[in-house]
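Participant: Pasting a predicted model and its sequence here:
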Amino acid sequence: MAPGIQAGMLIGSRYRLVKELGRGGFGHTYLAEDAYRFNEPCVLKAFVPQVEGAAALQKAQQLFEREAGVLYQLQHPQIPQFRELLRDQDRLFLVQDYVEGPTYLDLLNTRRGYGGCFTEMEIKQLFQRLLPVLDYIHGVGVVHRDISPDNIIQRNVDSLPMLIDFGGVKKLVANVNHQLTQTHPEIVQPALTRLGKVGYAPEEQLNAGEANPASDLYSLAVTALVLLSGMDPYDLYDRRNLSWSWRNHVSLSTRFGDVIDRMLAVRPSDRFPSARSVMQALGMAVSGIIPPPPPIYPPQNISQSPSQSSSPPTYGATVAANPASPPAPLRQTPSPPVSYPAASEAAQDDWESQEQPYPVTPIQRRSGGGYGFLQAMIGLILLIGAVGLVWWVSGQWQPGTLGDRTEDTTDNRDGVSAEEQARQQALSARREQLGISREFFVPLVDGIFYSRYPDLQGKTLTNNPEDNELRFRWDTIAAEMLDVLENNLSTAARQNLGRYGSSDRQQWQSRVNTLYVSSTALNDLADARFFDLFPEQATAEFIDQPIGQIWHGIAEDQVRAMEAGERRQELVFEADAFRTAVSDRLDPGQGMVYVLNLSEGQLMRLNLQAPTESTRLSIYLPRPSNETPFVLADSPDRTWSGRLTQSGYYEVVVVSVANQAIAYNLSVAVDNVISDPDPAETPEPEEKEIENP
């Protein structure tokens, strides 16, 4: 600790120092207990300007107080709350919330221990949770300046990533030092702390001190590559050619790799201008960015010395939780990985012997839809009062036992840390909040777990320490799936997961037929969204697997959208007009169905103007047959012309296969247009059950 400061000391008659956490450009950082809040942990950052004389010290503190005002603007659940400025004798302290949890550098080091790193899906999940935070701080004019794995904490209470150690605080100190030098040239100041870490910060920030939102995005991209590769930035950068060579060490999807490259561009003007633009490029829902609520209490002015304060002041809302009453999980950004297991080999035989529509392993295609398994086991769980995940005496994970794990004092919980139990509680709470049944969710995650780690087929996950990392992998997949389900399915669709089957597909067929849309066109829209989310399923027989339930949920949402006047539009021709056109835009995985009532013998010319290889075009007949099921199907072509062979409603389906939003223009010209068609005279399309969309 700094001279004159020791553990147990009471700062400001309120904060009892526990230990030193670190030292940096700001000064010394301490863990303390807040005596006014039941000894709640908090962080004190001590500002000790290197000046001599009472006048210079007072001037430094005044400048610091003024410069620190911007920190109180930051009111976000994923940023430690800055509580107050506190003056104690000749020292100035910045008080903020304490965030308990490992840094992402700690998590990476744990994985390095067994030769593992973060996956692309995990990094996308991290982006989905951090980019809204960056969008917020940039929106209030604050740049972090020091994003790196050791400045992102995975908060224990809910596993949300927290941004800590703002480089802006270091810049604040640098500004104070600079202003002191201008007003007191006789004062010799220490060398300024570099604003940003070498390897993580871009050149313009390190060399010229220039920082903007694009600088933070650069650092976030480097952080992602370090987590993906387990390597230091120096090893991912080609110093001879002055360019990033990460592709020699990390394999990413084309879309995500292109985004990372742009974030790492040398010139700031070539990078993404905002966190929101990165989210759009990745196909993430920017509508999910919700401004945080205003603070419950206004920011406090700097506290005076103990003798000038007779009663405990009131402060803004805190992020840190009292262990006796943890806060409800925050849902303003996607929520965290929380621990639930993959199926054990020991229980697999028992499970397979029951009537199960969706086995975990091996994955095999079965017809039908709907769940209803392990009812007897679940009833037994309730009878014996076991809350949450079921453990046999052997302490092995069991399949299909997802639940609310809130309290269990039995010995079979030995070996599971409080942190892991907290994550399980948070995941269970979030699953329930989203309306997703546990009977569906566990086999869904199990199936993905085994497909992602096929070498673990049949592996029994125990509560022993050697399986901690495997359980963490399962946790991460579970969190990824909750993100997918929350961001891509309606509440009604999520509640139906596990219940969909062939009868639902038949019902949707009847409903879209009334709109002169075929089930084939409906399938095109559902496929586009589903394969954008799960490209590996494009060649799989997924319809009767747990993951196929997500396809059904997407399809049901498409039906509702068309009935609401979205995702479907009828194109009509004005009187005496032979051409009609429409312009629109599509997000990745999005599609649109256009219907036109045309007559046999007419000559049709269709032109789709869109970026190259960004769309798939289909043209479906009013009455398809085995010999002629379509005019075009899922084609990269953008033009078609020919003489129509049937009368009735033709469907033109446009879906996006691009990795970012695209604009397009569709024009249709026909000869001998029927200007006032009578739908009653138009036969409805014949339908067939689509067994494998």
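Facilitator: All right, it came through fine.
Participant: so where's the chain uncertain?
Facilitator: The chain contains residues with pLDDT under 70 at 1-2, 24-27, 48-73, 90, 166-196, 286-415, 672-693.
Participant: And stretch 561-578, what's buried?
Facilitator: Of all the residues in stretch 561-578, those buried under the rule 16 or more other CB atoms under 10 Å are Met562, Arg567, Arg568, Gln569, Leu571, Phe573. Where C-beta positions appear, they are placed from N, C-alpha and C, glycine not excepted.
Participant: Include distance to Gly8 and secondary structure when you put those residues into JSON lines, please.
Facilitator: Shown next, in JSON lines, are those (distance: CB to CB, whole Å; DSSP: H, G, I helix; E, B strand; the rest coil):
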{"residue": "Met562", "distance to Gly8": "68", "secondary structure": "helix"}
{"residue": "Arg567", "distance to Gly8": "65", "secondary structure": "coil"}
{"residue": "Arg568", "distance to Gly8": "70", "secondary structure": "strand"}
{"residue": "Gln569", "distance to Gly8": "72", "secondary structure": "strand"}
{"residue": "Leu571", "distance to Gly8": "78", "secondary structure": "coil"}
{"residue": "Phe573", "distance to Gly8": "85", "secondary structure": "coil"}
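Participant: And for Leu533, the neighbour number?
Facilitator: Leu533 has 17 neighbouring residues, counting by other CB atoms under 10 Å.
Participant: show me what contacts it?
Facilitator: Taking CB atoms under 8 Å, 6 or more residues apart in numbering, we find Leu533 in contact with Val484, Asn488, Ile550, Gly589.
Participant: okay, now Leu92: neighbour count?
Facilitator: Based on other CB under 10 Å, the number of other residues close to Leu92 is 22.
Participant: My error: substitute Arg499 in the last question.
Facilitator: Residue neighbour count, defined by other CB under 10 Å, stands at 16 for Arg499.
Participant: Using the three-state scheme, assign it.
Facilitator: Look at Arg499: counting by DSSP: H, G, I helix; E, B strand; the rest coil, its state is coil.
Participant: ok, now how distant is it from Tyr104?
Facilitator: Distance from Arg499 to Tyr104, counting by CB to CB, to the nearest Å: 38 Å.
Participant: cool, Lys45 as well?
Facilitator: From Lys45 to Tyr104 the distance is 21 Å (CB to CB).
Participant: same question, Thr539
Facilitator: Note on Thr539: its distance to Tyr104, by CB to CB, is 34 Å.
Participant: who's more crowded, those two?
Facilitator: Shown here are Thr539 and Tyr104; by other CB under 10 Å, Tyr104 has more neighbours (21 against 7).
Participant: So which residues of the stretch 51-200 of the chain form helices?
Facilitator: Ranges of helices within the stretch 51-200 of the chain are 54-67, 104-112, 120-139, 167-183, based on DSSP state H, counting those that start in this stretch.
Participant: Which positions in the third one come out as buried?
Facilitator: Residues 121-138 are the ones in helix 120-139 that count as buried (16+ other CB under 10 Å).
Participant: And for stretch 603-617?
Facilitator: Residues Met604, Leu606, Leu608, Ala610, Ser614, Thr615, Arg616, Leu617 are the ones in stretch 603-617 that count as buried (16+ other CB under 10 Å).
Participant: Which strand residues bridge the first one?
Facilitator: Read it as Met604. On the basis of DSSP bridges, Met604 is bridged to Gly642, Val670.
Participant: picking up where we left off before, can you redo the buried residues of stretch 603-617 as a markdown table with distance to Ser583 and secondary structure?
Facilitator: Output for the buried residues of stretch 603-617, formatted as a markdown table (distance: CB to CB, whole Å; three-state DSSP):
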| residue | distance to Ser583 | secondary structure |
| --- | --- | --- |
| Met604 | 19 | strand |
| Leu606 | 15 | strand |
| Leu608 | 11 | strand |
| Ala610 | 11 | coil |
| Ser614 | 15 | coil |
| Thr615 | 14 | strand |
| Arg616 | 18 | strand |
| Leu617 | 16 | strand |
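Participant: May I see the residues you listed organised as a markdown table, with distance to Ala493 added?
Facilitator: Listed next are those as a markdown table, based on distance: CB to CB, whole Å:
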| residue | distance to Ala493 |
| --- | --- |
| Met604 | 36 |
| Leu606 | 32 |
| Leu608 | 30 |
| Ala610 | 28 |
| Ser614 | 27 |
| Thr615 | 25 |
| Arg616 | 24 |
| Leu617 | 27 |
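Participant: Show me which of those residues is closest to Gly230.
Facilitator: The nearest member of these to Gly230, counting by CB to CB, is Ser614 at 34.8 Å.
Participant: Report the backbone C-alpha coordinates of stretch 239-250 in PDB.
Facilitator: Only the C-alpha atoms of stretch 239-250 are listed here, as PDB (Å, rounded to 0.1, in the frame of the first residue of the first chain):
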ATOM      1  CA  ARG A 239       5.900  -6.300 -37.700                       C
ATOM      2  CA  ARG A 240       7.800  -6.700 -40.900                       C
ATOM      3  CA  ASN A 241       4.800  -5.900 -43.100                       C
ATOM      4  CA  LEU A 242       3.100  -3.800 -40.400                       C
ATOM      5  CA  SER A 243      -0.100  -5.800 -40.700                       C
ATOM      6  CA  TRP A 244      -2.200  -8.300 -38.700                       C
ATOM      7  CA  SER A 245      -1.500 -11.900 -39.600                       C
ATOM      8  CA  TRP A 246      -4.200 -13.400 -37.300                       C
ATOM      9  CA  ARG A 247      -5.600 -15.600 -40.100                       C
ATOM     10  CA  ASN A 248      -2.500 -17.800 -39.800                       C
ATOM     11  CA  HIS A 249      -3.600 -18.700 -36.300                       C
ATOM     12  CA  VAL A 250      -7.400 -18.300 -36.100                       C
END
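Participant: Thank you, goodbye.
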